[in-house]
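Participant: build the 3D model from these lines:
(one chain, ligands or ions: 1)
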Amino acid sequence: MTMKPKDFPPGPPYLPILGSTLFLPRKLVHVTMAGEWRRKYGSVVGLFFGHRTVVAICGPKEVLEVLRREEFQVRPNSDFFKARSFGKKLGVFFSDGPFWVEQRRFTLRHLRDFGFGKKSMEGFILDEVEDTLSYMKELKVMQVTGLFSVPTLNVLWGMIAGTRYDRNDERLKDLLNRLTMNFRSGNPTGGIINIFPILMTIAPGLSGFTKFKETLVNLQNYIGLSIKEHEQTLDQNNPRDLIDVYLREMRKQNHPDSTFTEQGLITICLDLFAAGGETTTSTLGFCLMYMLLYPEVQKKVRNELDAVVGRDRRPSLEDRPKLPYVEAVLTEVFRLCSIAPMTPPHCVDRDTYINGYLIPKDSMVLVVLYSLFQDKEHWGDPEVFRPERFLDADGKLVKDEWMIPFGMGKRMCLGEVLARSVVFLFFTSIVQEFLLSIPEGDTKPSTVPLSGFTIAPAPFRIKVTERT
Ligand code: HEM
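Facilitator: Modelled structure (predicted):
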């Protein structure tokens with residue numbers, strides 16, 4: 001029988017072996033955690049995944065506190081998470097300690113060199129924007145799901161591997177579809193396999209692990225192939241992309257304790273691929289959805305773009321400070337849609353306390369960002385789409401400390417600058433170029449999202465009409 005430690009936070013019932021598993025909601029876990037559970041048990045909720053102690057942080061004040069405190073910045077030692085990185089803690093997403101510090105710093109620094117936060121990143125993105133606009137012009141009516149998958153991936157892959165793919169590349173389409181299925185089949189707790197890693201061995205088919213593994217191996221091979229090509233053409237003095245600089249570092253640090261290995265490189269590429277593609281694509285999908293649902297907001301965005309940018313050139317990142325209404329709309333989409341309603345699981349590296357409750361060493365910590373974005377007391381009408389909440393009486397953008405869709409502190413998203421830039425440039429260029437509407441005969445898109453590791457819009461179609 002699982003023993004509840006003294007001072008462990010209250011939470012749903014738990015059973016021998018199964019722990020609290022039966023009482024976990026199947027879909028949109030974060031909604032139950034920030035709503036029903038917070039009301040019933042408080043902001044810090046204790047759970048058991050099998051024998052493992054787990055704590056869900058369901059209140060805004062506590063979320064901000066946990067993201068600031070040092071002891072919460074490690075990742076759980078999970079066989080399932082390690083299954084995606086050759087049975088080890090590699091890459092950036094699920095690693096920690098000095099290994100993570102070195103790899104995160106290196107990745108961030110070199111992505112910056114190849115375009116993060118600099119003009120050259122804008123060039124990568126704008127090429128993809130033009131390609132997408134031509135595609136939309138041709139189709140006129142289209143499914144939004146999938147519309148942005150290849151272009152957003154191309155931006156990322158351009159910086160990582162120096163290549164871009166055609167929208168119709170069959171192998172890439174297949175990989176993206178599988179990746180999306182993996183994303184949708186899990187949930188931010190890591191899902192059933194994370195709770196019972198034994199399922200990977202005793203019921204791989206039934207638990208979904210076989211499919212997960214198949215996609216993973218496909219992706220690893222895909223990345224591995226690109227690494228081999230880079231190895232053959234590497235010029236140490238003229239690195240072309242992230243893979244080149246990583247290979248150069250591997251050769252430089254050629255000793256057994258080096259954190260730079262080929263498996264490590266594959267995992268970093270996989271992390272960026274998985275963390276960056278689906279999230280940015282879904283955000284853009286939601287942006288378009290809200291433009292269909294709120295035509296008056298769409299009109300205001302277009303008016304602001306016409307006044308500030310005009311129609312003779314595309315919006316650029318330099319325009320951002322002059323477009324407060326656009327920024328308010330994007331912030332409201334980030335708030336209301338909560339693409340990452342929970343961070344990937346954190347963990348504690350020592351016994352610690354929050355609100356007087358014990359969080360035992362090695363407990364998994366689920367951080368519900370959604371609780372910040374939906375707090376009634378803070379927002380008044382959190383369920384309403386109202387970009388004006390981020391503008392003051394003079395129409396200037398108002399910063400809100402609770403708007404942390406990319407997390408906060410040491411583990412905060414490594415791709416924030418890139419993601420915000422991609423979303424801004426695609427969104428503004430599309431609204432500048434087209435009038436967006438619901439296709440004749442279609443019903444209004446549903447704002448009820450699809451569940452998964454992250455949140456995605458349910459499929460809907462859009463009609464684009466070129467402006468005269
Ligand atoms: C709208 C898009 C995105 C959103 C909302 C988002 C959100 C987040 C959040 C909430 C975290 C977790 C922070 C934590 O664990 O406390 C995270 C981590 C991370 N994100 Fe993003 N992200 C987005 C796009 C991207 C992109 C484009 C990339 C890649 C270039 C990326 C790479 C990562 C990585 C590598 C981590 C793990 C960082 C670490 O553990 O040190 N993300 N992201």
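
Participant: burial measure for the closest residue to residue 268 other than its chain neighbours, as a count.
Facilitator: Once flanking residues are discounted, residue 268 sits nearest to residue 91: 5.0 Å by C-beta to C-beta, 6 or more residues apart in numbering. The C-beta positions use only the backbone N, C-alpha and C, and glycine is treated the same way. Residue 91 is flanked by 27 other residues according to other C-beta atoms under 10 Å.

Participant: go on, residue 303?
Facilitator: Residues near residue 303, counting by other C-beta under 10 Å: 11.

Participant: checking my notes, it in a strand, right?
Facilitator: No - counting by DSSP: H, G, I helix; E, B strand; the rest coil, residue 303 is not found in a strand; it is helix.

Participant: nearest residue to the closest residue to the ligand within the stretch 301-450 of the chain in space, please, no chain neighbours.
Facilitator: Proximity of the stretch 301-450 of the chain to the ligand (C-beta to the nearest ligand atom) peaks at residue 415, 2.2 Å away. Ranked by C-beta to C-beta, 6+ apart and with sequence neighbours excluded, the top spatial neighbour of residue 415 is residue 276, at 5.0 Å.

Participant: quick revisit: pretty sure the residue nearest to residue 268 sits in a helix.
Facilitator: No - under three-state DSSP, residue 91 sits outside any helix and is assigned coil.

Participant: so how far is the ligand from it?
Facilitator: Using C-beta to the nearest ligand atom, to the nearest Å, residue 91 is found at 8 Å from the ligand.

Participant: what distance do you get for that residue to residue 50?
Facilitator: Applying C-beta to C-beta, to the nearest Å, the value for residue 91 to residue 50 is 25 Å.

Participant: hmm, the residue of the stretch 301-450 of the chain closest to the ligand is touching residue 275, no?
Facilitator: Yes - at 6.4 Å, residue 415 counts as touching residue 275 under the criterion of C-beta atoms under 8 Å.

Participant: how about the residues of the stretch 51-200 of the chain that lie near the ligand?
Facilitator: The interface of the stretch 51-200 of the chain toward the ligand, taken as C-beta under 6 Å from any ligand atom, is made up of 92-93, 104, 156.

Participant: now with 8 Å?
Facilitator: 67, 75, 91-95, 100, 104, 107, 111, 116, 152, 156 (C-beta under 8 Å from any ligand atom).

Participant: can you pick out the most distant pair from these?
Facilitator: Greatest spacing in those, by C-beta to C-beta: 67 and 152 (25.9 Å).

Participant: more neighbours, these two?
Facilitator: Taking other C-beta under 10 Å, residue 67 and residue 152 do not tie; residue 152 has more neighbours (27 against 21).

Participant: and that one, what element?
Facilitator: Using DSSP states H and E, residue 152 maps to helix 149-161.

Participant: point out where the stretch 101-250 of the chain drops to low pLDDT.
Facilitator: 114-119, 183, 185-188, 190 (pLDDT under 70).

Participant: from it, which residue is nearest to the ligand?
Facilitator: Closest point on the stretch 101-250 of the chain to the ligand, by C-beta to the nearest ligand atom, is residue 104, at 5.1 Å.

Participant: just want the most central residue of this structure.
Facilitator: residue 279 (4.1 Å; C-alpha atoms, centre = their mean).

Participant: which ones are touching that residue?
Facilitator: 339-340, 419, 454 (C-beta atoms under 8 Å, 6 or more residues apart in numbering).

Participant: confirm residue 9 sits in a helix?
Facilitator: No - counting by three-state DSSP, residue 9 is not part of a helix but coil.

Participant: wait, it touches residue 41, no?
Facilitator: Yes - using C-beta under 8 Å, residue 9 is in contact with residue 41, at 7.2 Å.

Participant: ok, and does the lengthiest helix in the chain reach over to the ligand?
Facilitator: Of all the segments of type helix in the chain, defined by DSSP state H, the longest one is helix 262-293. Yes - counting by C-beta under 8 Å from any ligand atom, the ligand is contacted by helix 262-293 at 271-272, 275-277, 279-280, 282-283.

Participant: just stretch 365-385 next, same as before
Facilitator: Yes - residues of stretch 365-385 contacting the ligand under C-beta under 8 Å from any ligand atom: 367, 369.
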